[in-house]
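Engineer: Next one to model:
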Amino acid sequence: MCRNIKTLFNFEPPATEDEIHASALQFVRKLSGFNKPSQANAEVFDRAVAEVSASARRLLVSLHTHAPARDREIEAERARERSKLRFG
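Structural biologist: Okay, here's the model as predicted:
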């Protein structure tokens with residue numbers, strides 16, 4: 001899995017449209033191998049990002065859990081601590 005794609009489900013506050021779009025963009029970049037597509041591929045690349053964004057949005061709305069929502073700040077702090085342990 002691409003390390004830049006973050007978990008978006010079960011957070012408080014919920015994922016924003018920008019976060020969903022960024023995740024979709026990273027996914028399409030990974031699949032296509034393009035960081036920025038050529039002009040010839042820009043239209044299909046952008047359409048793929050829009051379709052993946054729409055699918056991700058539907059998925060996030062449809063998922064259910066009994067677990068309490070995670071706090072973004074607490075999770076970010078945990079990630080920073082893991083990074084310190086890993087990279088020093």
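Engineer: What is the subsequent helix or strand relative to the helix or strand encompassing Val28?
Structural biologist: With elements taken from DSSP states H and E, the one containing Val28 is helix 17-32. Tracing the chain C-terminally past helix 17-32 and defining elements by DSSP H and E, one meets helix 39-62 next.
Engineer: Beyond that next one, next helix or strand please.
Structural biologist: Beyond helix 39-62 on the C-terminal side, the first helix or strand identified by DSSP H and E is strand 70-71.
Engineer: residues touching Ala69, list them.
Structural biologist: With contacts defined as CB atoms under 8 Å, 6 or more residues apart in numbering, the neighbours of Ala69 are Asn10, Phe11, Glu12. In short, each C-beta sits where N, CA and C put it, glycine included.
Engineer: Test my guess that the last one contacts Arg72.
Structural biologist: If I follow you right, that is Glu12. Yes: Glu12 is within contact range of Arg72, at 7.3 Å (criterion: CB atoms under 8 Å).
Engineer: if you count what's nearby, which of the two comes out ahead?
Structural biologist: In this comparison of Glu12 against Arg72, neighbours counted by other CB atoms under 10 Å, the higher total goes to Arg72 at 12 against 9.
Engineer: partner residues bridging the closest residue to the more buried one other than its chain neighbours?
Structural biologist: What sits nearest to Arg72 in space, not counting adjacent residues and going by CB to CB, 6 or more residues apart in numbering, is Phe11, at 5.6 Å. Following DSSP bridges, Phe11 is listed with bridge partners Arg70.
Engineer: how much space between Phe11 and Glu75?
Structural biologist: Phe11 sits 7 Å away from Glu75, going by CB to CB, to the nearest Å.
Engineer: Look at those two and report which has more neighbours.
Structural biologist: Between Phe11 and Glu75, counting by other CB under 10 Å, Phe11 is the more crowded of the two (16 against 13).
Engineer: Could you pull up the contacting residues of Ser55?
Structural biologist: Ser55 is in contact with no residue at all, counting by CB under 8 Å, 6+ apart.
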